[in-house]
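J.: based on what follows, work out the 3D shape:
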Amino acid sequence: MEHTQKNTFSADETVPQTAAPADVPTGDPTGTEADEARAVVFDDDRDNARRLESMSVQIASTDALVRPKAHLSKAERKAAKAVPAAVRRQRAEKSSVLFDEPGPRARARIRVLNVVGVALMAGLLVWLLFALANPPSGKNQLSWKLWEPALDGSAWLYTYLPGLASTLGAAAIAIVGSLVFGFLFALGRLSRCAPLKWVCAVIIEFCRAVPVLLFMIFLWRFFAGLGWGSVSALWAVVWGLIFYNSSVIAELLRSGVGNLPRGQEEAALALGMGHMQGLVLVLLPQALRAVMPSLVSQLVVVVKDTALGSIVTYTELLQRSRQLGSIHFDSLQTIFVAGVIYFLVCFALSRLAESLPARMQKKTSGVAREQVQAPIAILDPSNINQQERAN
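T.: A predicted model of the protein is given here:
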């Protein structure tokens, strides 16, 4: 005999309910709806897994780019080489922020204009060479008879090299003086003493406004009046360059300090430093590192401005080249050689200025790695940070 068992519950009891699965929507869904929900969840998990894998590859590749090549495996070196190419492809696919990517017609026009520009420059060069070879009056300026005295060994030994030594000597003294006075003027501009700040501001603005050549002429007359003789031209060039470039360097340092985070000054004050001590020990060293490329570029100007010394009879590279040209009647050739020497020296200094940011970044950047802790340190009650990270 079969007995049917019924579940009865009192009024104060709660009827138990079976919880629905997490991936199946409630409301008594049909089998098809549940399968669709599971498929959606599965697709989302698969996309998230792909994103995480891509992010891990990018992080590993970036880490491989920063670490030295000697510590990289073959897979990491391959990933490091592949990342810049992928970045270049992504940048090429995206349009520029400043202007739209040129289309096919615009690219064709750009190519045509480039070809026309190159043709015009080539034509101008050919015309210039033809004009030098066949001047309306005078000798052929491309003749080897005119170039030989400007390029022989005696010209380099007695003209170009001594002139280059005089140029670099005056530039070196002027660079050292400009750095010292620029540092002092920057301290005066940043000080809290109102009279000192006002005096430094007036000196800086005056030196920036007056041309360097005027400084050299007046100082040359002044030193000659003191009886300094032959060295009056040298010190006129040096002090003229110092007056102008020290004011520019002072403004560079002042702007570098102004661009630093305010927390740097507050940290110096929190350590018990005064305003001037914080400037010298904390702020100005950081500002000097920040403005180093601009500072080196300004020092290149010092080397070029030494050519103004020829006006005050200072025998630097340009003056000696003009003297050699007046002897052999080939001033164009000797000045051209001096211009090439100036270009090589300034180009080397400019390349140095361009390489400074990368070198400074290598010294100050690196991969932050977590400090290795012993296993027992995680369970140590005094190690609160490790416990929080473990939880």
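
J.: skipping its backbone neighbours, what lies nearest Pro135 in space?
T.: Leaving aside its chain neighbours, Pro135 sits nearest to Gln141 (6.5 Å; criterion: C-beta to C-beta, 6 or more residues apart in numbering). No exception for glycine: its C-beta is placed from N, CA and C like everyone else's.

J.: measure the one you found to Ser326 for me?
T.: From Gln141 over to Ser326 the distance is 16 Å, taken as C-beta to C-beta, to the nearest Å.

J.: between those two, which is the more surrounded one?
T.: Gln141 (17 against 11; other C-beta atoms under 10 Å).

J.: my guess is the more buried one meets Phe329, correct?
T.: No. With contact defined as C-beta atoms under 8 Å, Gln141 does not reach Phe329; the gap is 11.2 Å.

J.: and the pLDDT at Cys200?
T.: With respect to pLDDT, Cys200 scores 91.

J.: just the CA trace of the helix or strand hosting it, in PDB.
T.: Secondary structure assigned from DSSP states H and E places Cys200 in helix 194-209. Extracted in PDB, the C-alpha atoms of helix 194-209 (Å, rounded to 0.1, in the frame of the first residue of the first chain):
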ATOM      1  CA  ALA A 194      63.400  93.200  -1.900                       C
ATOM      2  CA  PRO A 195      66.400  95.600  -2.600                       C
ATOM      3  CA  LEU A 196      68.600  92.700  -3.700                       C
ATOM      4  CA  LYS A 197      65.900  91.200  -5.800                       C
ATOM      5  CA  TRP A 198      65.300  94.600  -7.500                       C
ATOM      6  CA  VAL A 199      69.000  95.300  -8.100                       C
ATOM      7  CA  CYS A 200      69.500  91.800  -9.700                       C
ATOM      8  CA  ALA A 201      66.400  92.300 -11.900                       C
ATOM      9  CA  VAL A 202      67.600  95.600 -13.200                       C
ATOM     10  CA  ILE A 203      71.100  94.200 -14.000                       C
ATOM     11  CA  ILE A 204      69.600  91.200 -15.800                       C
ATOM     12  CA  GLU A 205      67.200  93.200 -17.900                       C
ATOM     13  CA  PHE A 206      69.900  95.700 -18.800                       C
ATOM     14  CA  CYS A 207      72.400  93.000 -19.800                       C
ATOM     15  CA  ARG A 208      69.800  91.200 -21.900                       C
ATOM     16  CA  ALA A 209      68.700  94.400 -23.700                       C
END
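
J.: just checking, next helix/strand downstream of it?
T.: helix 212-225.

J.: and the helices in the stretch 201-350 of the chain?
T.: With helices called from DSSP state H, counting those that start in this stretch, the stretch 201-350 of the chain shows them at 212-225, 232-258, 262-270, 275-278, 284-290, 292-305, 317-328, 331-364.
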